[in-house]
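1. output the structure for:
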Amino acid sequence: MTQKLQAARVFPHRRVIGEELEARNWTQPDLSEIMGRPSQTINEIIKGTKQITPETALELSAAFGTSAEFWTNLETSYRLFVARKQNQDEPIARKSKIYDMAPIAEMIKLGWLTKTKSVDELEQQICTFFDVSQVDQQPKLALNLRCSQHREPNVNAQLAWAKRVENLARQQNVETYDRQKLVQAIPELVKLSVEPVNVVRVPEFLMGLGVRFVIVPHLSKTYLDGAALHLDDDMSRPVIALTLRYNRIDNFWFTLMHEIAHIVLEHEGLILDNLDDGDVDEKEREANEMARNWLLAPSDYDRFIQQTQPVFSEAKIIFFAAQQLRHSGIIVGRLQREGRVPYSCLKKHLMGVKNELQDWIDVAQRDPSKSIIAMMKRSTDMRKARPTPPSELDSTHMIRDDRDQ
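-> So this is what the prediction gives:
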């Protein structure tokens, strides 16, 4: 096999001509005068922006007492070096642009993209994912972003997450959407919050009302809890997405009802929510208030607060939750958020729901071979298999003690 030989060192024009001028104590104007060329032309030749033509090579050879071939060879070697460097830098520059566009490594890890060494393949995958013709093109997403008040989010990562939500939602087959039917179904929906295992029923409950529902894990530095949008800005094609960033039953239900409120209130655009921010604008204030009122009747909750404060015992919380047909974690979560109960207290009521929803995470449709009943039974069995808490942490024991006191 013949090995391709390349020059070990390539000298730019300015170095070679500079050494010749220095050896003779000449300046660029001196060389310009000797060759009968304008000073600007000599300057461009020295900088390498103007090529050394055969005629220029003859003039330089006469001026410096060298062969014309020396200058033509210098020019050829330098141009080859520049061309090779540009060819080497191009894939790096293209890849850099792609990595600026989205969190590529995380998307590959999640299976949204396929790992490849080919820049062309990676570029094509990104264009397909964002539904654009080239990486310079802005994705067609109507954005209504809210940035965290405490942390600056990575907007490109938020866009990637939102596009994943949209891509999965487009694959779902749902019933025809009717806003009035959705509003009428809210009381039945929130009744499911009485038991953690019931969250398994939520996705298909919403799809039966024409609302697409997806769960997409949050990406690093997105700080998102959920989103509400309409496919192609069509108000008859609503989408709700959750991240399960906080794996707690109270966060699941409040985020869900908050996003449903955006849909019912017909807020336009893609609304990405970090619910740590609270009432940052009128739309969020409306959605927060509607979600709170759906989960707990305002008059009942106000009465509970008046009759129970300042000490919110576990027994009274459980009793009120049973009256409302809600899980106790929803009451505890709200009390904690309002500063009525320390975050360190009653944490056992803030049960996780991710295990119940694992068949819905980052997919458009759940596995049809698994029935809802089977999924609920699996979840119940998993909870039963967990270690039993000591008697001092047992709710029944604490309720009895509270009643005796």
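
2. those strands in this structure, which residues are they?
-> Read by DSSP state E, the chain holds these strands, from start to end of the chain: 143-145, 212-215, 226-230, 238-242, 270-273.

3. what mean pLDDT does the second one have?
-> Computed over strand 212-215, the mean pLDDT rounds to 97.

4. nearest residue to residue 189 in space, please, no chain neighbours.
-> Spatially, and ignoring its direct neighbours in sequence, residue 189 is nearest to residue 205 (6.1 Å; CB to CB, 6 or more residues apart in numbering). C-betas here are computed from N, CA, C, even on glycine.

5. is it true that the one you found touches residue 186?
-> No. In this structure residue 205 lies outside contact range of residue 186 using CB atoms under 8 Å: 10.9 Å.

6. buried set for stretch 207-221?
-> Of the residues in stretch 207-221, those scored as buried under the neighbour-count criterion (16 or more other CB atoms under 10 Å) are 207, 209-219, 221.

7. any chance of those residues in CSV, plus distance to residue 177?
-> Compiled in CSV, those are given as follows (distance: CB to CB, whole Å):
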residue, distance to residue 177
207, 10
209, 7
210, 3
211, 7
212, 9
213, 12
214, 16
215, 20
216, 21
217, 26
218, 26
219, 28
221, 33
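
8. ok, now which ones touch the closest residue to residue 238 other than its chain neighbours?
-> In space, residue 238 comes closest to residue 263 once its chain neighbours are excluded; the distance is 4.5 Å by CB to CB, 6+ apart. Applying CB atoms under 8 Å, 6 or more residues apart in numbering to residue 263 gives the contacts 179, 182, 211, 228, 238, 240.

9. need the helix or strand of the chain with the lowest average pLDDT.
-> One helix or strand of the chain scores below all others by mean pLDDT, DSSP states H and E: helix 395-404, with a mean of 45.

10. on that earlier part again, what's around the residue nearest to residue 189, how many residues?
-> Counted with other CB atoms under 10 Å, the burial measure for residue 205 works out to 16 neighbours.

11. ok, it - contacts?
-> When the contact criterion is CB under 8 Å, 6+ apart, the partners of residue 205 are 185, 189, 192.

12. equivalent analysis for residue 17, please.
-> Applying CB under 8 Å, 6+ apart, the residues near residue 17 are 31, 45, 46, 60.

13. so what's the first one up against?
-> Read that as residue 31. Applying CB under 8 Å, 6+ apart, one finds that residue 31 lies in contact with 17, 21, 42, 63.

14. number of residues surrounding the residue lying closest to residue 179 once chain neighbours are set aside?
-> If you skip the residues right next to it in sequence, residue 179 has residue 264 as its closest partner in space, 6.7 Å away by CB to CB, 6+ apart. Using other CB under 10 Å, residue 264 is surrounded by 20 other residues.

15. before we move on, what about the one 3 residues further on?
-> The local packing count at residue 267 equals 18, with neighbours defined by other CB under 10 Å.

16. how close does it sit to residue 348?
-> Using CB to CB, to the nearest Å, one gets 36 Å for the distance from residue 267 to residue 348.

17. so where's this structure uncertain?
-> By pLDDT under 70, the low-scoring segments of the chain are 1-12, 85-89, 141-151, 278-279, 374-405.

18. tell me the domain ranges of it?
-> Following automatic domain parsing, the chain resolves into domains at 13-98, 102-130, 143-382.

19. the spatially closest residue to residue 242 that is not a sequence neighbour and residue 193: what is the separation?
-> What sits nearest to residue 242 in space, not counting adjacent residues and going by CB to CB, 6+ apart, is residue 226, at 4.7 Å. According to CB to CB, residue 226 and residue 193 sit 16 Å apart.

20. check residue 256 too.
-> Distance check for residue 256 against residue 193: by CB to CB, it reads 9 Å.

21. same check on residue 240?
-> Counting by CB to CB, the separation of residue 240 from residue 193 is 16 Å.

22. where along the stretch 201-350 of the chain do the helices fall?
-> Residue ranges of the helices in the stretch 201-350 of the chain, as given by DSSP state H, counting those that start in this stretch, are 202-207, 249-264, 282-295, 298-308, 314-324, 328-337.
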